[in-house]
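Q: Pasting a predicted model and its sequence here:
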Amino acid sequence: MKLDFVAAALSYLIPGLGQLTQGRVRKGLLFLVCLYALFFYGMYLGQGKNVYLPYYHPEERGTLSRVASDLYARFQFVGQFPIGMAAWPAVYQYFVYSPDDKNPPLHGWMRAPGMDEINQLQRDSDKTWDLGWVYTVIAGVLNVLVIYDALAGPAFREVKASPPGAPA
């Protein structure tokens, strides 16, 4: 069994791109359309404020320990990140975050909202904000399966040849 690491990396970047490069066009387009529809519909339900990596622990000394602490505070991002490039603006916003920035990069898209804004979203709206992040997590986790499909290839059943004249 030959593993296709390039196709797996491409499917991480854009869901289904690895399958498209392998010539499995219908499957690749199905993955691309369905996973992006699920992810961006979840973003729509969450008013664009449910995919982010919070900046809660600036007092941590090392970058790795700060990222680990912040991932622990918002574990949903671990499930959202595998959607690929669609989640990268949140990572960018995390590393350039400044609480005093009045004009954040990307116009604040996928920037961690403040605690007051999160409380307002959860208190004053219905459950669509929560449902939105669930949709984005499901899209990210399903893309892990798409990446594996691109890596290992399609599953085939072994067909045994039957002798001539034998019932099928």
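A: Arrived safely, thanks for sending.

Q: Stretch 99-115: which residues count as buried?
A: In terms of neighbour count (16 or more other Cβ atoms under 10 Å), stretch 99-115 has its buried residues at Trp109, Met110, Arg111, Ala112, Pro113. From N, CA and C alone the C-beta is placed, and that goes for glycine too.

Q: Now that stretch - C-alpha only, PDB.
A: Provided in PDB are the C-alpha atoms of stretch 99-115 (Å, rounded to 0.1, in the frame of the first residue of the first chain):
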ATOM      1  CA  PRO A  99      -5.600  44.400  23.300                       C
ATOM      2  CA  ASP A 100      -4.900  48.000  22.400                       C
ATOM      3  CA  ASP A 101      -5.100  47.600  18.700                       C
ATOM      4  CA  LYS A 102      -7.900  49.700  17.400                       C
ATOM      5  CA  ASN A 103      -7.500  48.600  13.700                       C
ATOM      6  CA  PRO A 104      -6.700  44.900  13.900                       C
ATOM      7  CA  PRO A 105      -5.500  43.000  10.800                       C
ATOM      8  CA  LEU A 106      -8.100  41.400   8.600                       C
ATOM      9  CA  HIS A 107     -10.600  43.800  10.100                       C
ATOM     10  CA  GLY A 108     -10.800  41.600  13.200                       C
ATOM     11  CA  TRP A 109     -12.100  38.600  11.300                       C
ATOM     12  CA  MET A 110     -11.500  35.400  13.500                       C
ATOM     13  CA  ARG A 111     -10.100  37.600  16.300                       C
ATOM     14  CA  ALA A 112     -10.900  36.400  19.800                       C
ATOM     15  CA  PRO A 113     -13.800  38.500  21.000                       C
ATOM     16  CA  GLY A 114     -13.700  40.000  24.400                       C
ATOM     17  CA  MET A 115     -15.300  38.400  27.400                       C
END
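
Q: residues in contact with it?
A: With contact meaning Cβ atoms under 8 Å, 6 or more residues apart in numbering, stretch 99-115 is reached by 48-49, 51-55, 87, 89-90, 92-94, 96-98, 121.

Q: Restricted to buried residues, select these in PyMOL.
A: Buried residues within those, by 16+ other Cβ under 10 Å, are selected in PyMOL with:
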select buried, resi 48+49+51+52+53+54+55+87+89+90+93+94+97+121
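
Q: Please flag which of the contacts of stretch 99-115 sit within helices.
A: Pro89, Ala90, Tyr92, Gln93, Tyr94, Leu121 (DSSP state H).

Q: for this structure, which spans come out with low pLDDT?
A: Residue ranges of the chain with pLDDT under 70: 1, 57-60, 157-159, 166-168.

Q: How about the contacts made by Tyr55?
A: When contacts are counted by Cβ under 8 Å, 6+ apart, Tyr55 touches Asp70, Tyr94, Tyr97, Pro99, Ala112.
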